[in-house]
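> Mind folding the following:
(2 chains)
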Amino acid sequence: MTRINDSDAVRGVELGVFTPITSRAQLPAACDWSLPPGGELVRTDQLTTLVDAAPLVLRRRRIVAVDGSPGSGKSTAVAALGASASIDAVTVEVRPKSSGLGLMQSFFEAITGAPHRGGTQRQVESALKVLLAEKPRLVIFDEVQNVGLPALQALRFLLDLPTGKWGLVLAGKGLLAMLAKEQMLDSRVALRVTMPKLTGNTLIDTLGKLHPLCADASPRLLLAIDIACTHGNLREWTKLLEWVIDLAPGSPLDVNLAEQAIAYVLGKPVQLPLHRT
Amino acid sequence: MNDPLGDQFVVVVAPPTPAELDLALDHPLAVRLWGQPTSLCVALRPTNHGRVRVSDLAGDVMDLLGHTGAQLAIRKHLDTDLFRLLPFLLTSKIERMVLDDAHQLNARTCEELLAVANLAHVQLWLVSRQPLPTDVADLIALHGPQVTYAEACAWWDSRAAACESACRHTSVAGDTSCVTHGSPIACLIANTRGLLERDLATADQVRLRLAELRAQPCTDNDRWALEACTRDALRPAQAALAVLARTLPAGTIGHVAVSDIEAAGTTVVHGEDRYPVPHTLTAILFRQRIAALAAGQYLDDPLVTYFFDGKPLAILTH
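This next block holds a predicted model:
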């Protein structure tokens, strides 16, 4: 039977090596829907900051917080961080209006693949304490805006336990403002990444790297589509590009094709203010 | 030896300064208490919408004392009173209790905690990650000093290790060949705190394993050890009195009063006579005496219940 050796019990958190991923193929399968067919992972400044700096702060039991509006690439960014870790990366999709108990149960289920049969938050917390002490894990909570601060405090409690071998990443809309209301949580956040709404040259540059159709399209067309339909939202761009590919496979993105795709996305015809070819 | 901190009733540990953060991260105070049989460390769970989770605090302390109980919501009302800890603290070896994340305490819970600690002769260490609320700070300021995180660590380091148990197994199964304890029951009971504080097992797992062992044949010593490690004070005391009925005058055991349990449970008094209590039963009887007094019974009230006739109850037969 093994015996306890306290000498190596606690020395920060050993989370293994993080190797930044470089292509879409390295993302987890569950994240594939976030990119259009034929699209590629774009290493934005924010993603680079996240993947490079997060390992440093996670080892010190600090929280990484990723904020941004819907469709700004938060989920893809944290998935890229998870894929870059050499340890188990667990993603917990926070359900709307989750209570503390609900969050703990989702957490338990994400790690074990099975629901916890216990009836109280303390019971699930206790089971999680043992699981989190077992082996190093990177745990990503997405859509954190769906829970209240008391539920997040329960995560902070688990993170502070000296036996825990895990890193905590939170992602959600309005997350930083939410955390700022509670000093206990805010003071533990050591890396804040805000995914901005894409506009102007940044949008053109990002879209060009995202998909070859966008790389070959004129910047004016892309900006016109964005004003009419996608509003700097990468999820909307993914939907639009999916329509473009489905409507005319292999064709370049032009005004007519863009207007057809926009009509499907918005459910109404739109005329782009551009000269037709 | 002069020990200004050791003699205080309460010690408040200030939040770690930026310079102390590495200390708190690399080797936190809680870890320094591992393996110290007369001290325990419990982290206060986060408040639920501002309410201190008193039942969870009581349950966590009970678990660390080796009294692992059901954690189901149906039992919550039994644990919401910190005074329920009194019989268990007084019959344990605990001299110091460290409460981590103490800044989450409110004044009412803090008062109750101070009262329990005072009655149980337990020194209280309140470790805070943030400044304490003003009313709590004012309350505690009357009872003890505040030290820095580094000072607290140094004090606990000076007490560490001397009392490490020779047997510290990591499995909730209990070691069948444990030389130190002689049986898996004794081994598991002795190691419960170690398993819980290192998060090697949950209290539920320990409780279920003890229930499995209870169903198997075991020695008298083990049987009474199992009785003593439940959260129930009454039924083990009834079982203990049923055993004592063989030595006390016939028909008297049902009338043993609270005051008849003397000298920390080692003696039962009947009239002018004193009867020694086997060492396996002393803690059980003493615990019930304290539980009865804490519940507001008078000294001349029956120790267990007016309806106990001294006969072994079917539920207590093993």
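
> What are the structural domain limits within chain A?
For chain A, the structural domains run A:14-195, A:200-266, going by automatic domain parsing.

> hang on, A:Ala53 is in a helix, isn't it?
Yes. Checked against DSSP: H, G, I helix; E, B strand; the rest coil, A:Ala53 lies within a helix.

> ok, it - contacts?
By CB atoms under 8 Å, 6 or more residues apart in numbering or on different chains, the residues touching A:Ala53 are A:Leu191. From N, CA and C alone the C-beta is placed, and that goes for glycine too.

> returning to what we had before: for B:Ala291, find the nearest of the domains of chain A.
Closest of the domains of chain A to B:Ala291 is domain A:14-195, at 23.1 Å (criterion: CB to CB).

> Surely B:Glu197 and B:Leu64 touch.
Yes. With contact defined as CB atoms under 8 Å, B:Glu197 counts as touching B:Leu64 (6.7 Å).

> Common neighbours of these two, please.
Shared contacts of B:Glu197 and B:Leu64 (CB under 8 Å, 6+ apart): B:Leu40.

> quick one: the helices in the stretch 101-250 of chain B?
Applying DSSP state H, counting those that start in this stretch to the stretch 101-250 of chain B gives helices spanning B:107-119, B:134-141, B:149-157, B:184-197, B:203-214, B:220-228, B:234-244.

> Adding mean pLDDT, mean neighbour count and distance to chain A, write these out as TSV.
Shown next, in TSV, are those (pLDDT from 0 to 100; neighbours: other CB atoms under 10 Å in any protein chain shown; distance: least, CB to the nearest CB, whole Å):
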stretch	mean pLDDT	mean neighbour count	distance to chain A
helix B:107-119	93	18	16
helix B:134-141	92	16	15
helix B:149-157	92	18	13
helix B:184-197	88	23	7
helix B:203-214	90	18	6
helix B:220-228	90	19	20
helix B:234-244	88	21	24
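
> Could you report the distance from A:Lys135 to A:Leu15?
To A:Leu15, A:Lys135 is 11 Å away according to CB to CB, to the nearest Å.

> more neighbours, the two?
Remark: of A:Lys135 and A:Leu15, A:Leu15 carries more neighbours, 19 against 10, as counted by other CB atoms under 10 Å in any protein chain shown.

> gap between that one and B:His270?
Going from A:Leu15 to B:His270 by CB to CB gives 65 Å.

> Tell me where the stretch 1-150 of chain A is predicted with low confidence.
For the stretch 1-150 of chain A, the stretches with pLDDT under 70 are A:1-12.

> no wait, the stretch 51-200 of chain B
The stretch 51-200 of chain B contains residues with pLDDT under 70 at B:70-80, B:161-170, B:174-176.

> Any idea which residue of it lies closest to chain A?
In the stretch 51-200 of chain B, the residue that lies nearest chain A is B:Asp199 (3.9 Å; CB to the nearest CB).

> what's the neighbour count on that residue?
20.

> list the contacts for it?
By CB under 8 Å, 6+ apart, the residues touching B:Asp199 are A:129-130, A:132-133, A:161, A:163-164.

> so which of the residues you listed also contact chain B?
By CB under 8 Å from any CB of the partner chain, the members of the contacts of B:Asp199 lying near chain B are A:129-130, A:132-133, A:161, A:163-164.

> Let me see the contact set for B:Leu85.
Applying CB under 8 Å, 6+ apart, the residues near B:Leu85 are B:58, B:61-62, B:116, B:120.

> Relative to B:Leu124, how far out is it?
B:Leu85 sits 12 Å away from B:Leu124, going by CB to CB.

> what separates the residue of the stretch 1-150 of chain B found nearest chain A from A:Val13, distance-wise?
The nearest approach of the stretch 1-150 of chain B to chain A comes at B:Pro46, 3.5 Å away (CB to the nearest CB). Per CB to CB, B:Pro46 is found 20 Å from A:Val13.

> Show me which of those two is the more surrounded one.
Neighbours were counted for B:Pro46 and for A:Val13 using other CB under 10 Å; B:Pro46 has more, 26 against 18.

> Excluding chain neighbours, give the residue nearest to the more buried one in space.
Computed as CB to CB, 6 or more residues apart in numbering or on different chains, the closest residue to B:Pro46 that is not its neighbour in sequence is A:Gln153, at 3.5 Å.

> can you tell me the helix or strand for the residue in the stretch 151-277 of chain A positioned nearest to chain B?
Per CB to the nearest CB, A:Gln153 is where the stretch 151-277 of chain A lies closest to chain B, at 3.5 Å. Using DSSP states H and E, the element containing A:Gln153 is helix A:149-160.

> Whichever helix or strand comes after that helix - what's its average pLDDT?
As assigned by DSSP H and E, the chain's next helix or strand after helix A:149-160 is strand A:166-172. For strand A:166-172, the mean per-residue pLDDT is 96.

> what residues does the stretch 151-277 of chain A put near chain B?
When proximity is defined as CB under 8 Å from any CB, the stretch 151-277 of chain A approaches chain B at A:153-154, A:156-157, A:160-164, A:183-184, A:187.

> switch the cut-off to 7 Å
A:153-154, A:156-157, A:161-163, A:183-184 (CB under 7 Å from any CB of the partner chain).

> Farthest pair within the residues you listed?
Spanning the widest gap among these are A:Thr163 and A:Gln183, at 24.8 Å by CB to CB.

> Wait, A:Pro55 touches A:Phe18, no?
Yes. Here A:Pro55 reaches A:Phe18: they are 4.2 Å apart, a contact under CB atoms under 7 Å.

> For A:Thr163 and A:Gln183, work out which one has more neighbours and name it.
Comparing A:Thr163 with A:Gln183 by other CB under 10 Å, the one with more neighbours is A:Thr163, at 19 against 12.

> residues touching the residue nearest the centre of chain A, list them.
The structure's chain A has its C-alpha centroid closest to A:Ser75; by CA atoms, centre = their mean the separation is 2.0 Å. Shown in contact with A:Ser75 (CB atoms under 7 Å, 6 or more residues apart in numbering or on different chains): A:34, A:142, A:171.

> could you redo the last one with a cut-off of 10 Å?
A:Ser75 makes contact with A:30-31, A:33-34, A:66, A:68, A:91, A:93, A:140, A:142-143, A:171-172, A:195, A:235 under the criterion CB atoms under 10 Å, 6 or more residues apart in numbering or on different chains.

> same thing with A:Leu138?
A:15-16, A:18, A:54-55, A:58, A:64, A:78, A:81-82, A:84-91, A:166-169.

> Output the domains of chain A in CSV, with distance to B:Val179 appended to each entry.
Converted to CSV, these look like this (distance: least, CB to CB, whole Å):
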stretch, distance to B:Val179
domain A:14-195, 27
domain A:200-266, 64
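
> Which among those is found nearest to B:Arg207?
domain A:14-195 (11.1 Å).
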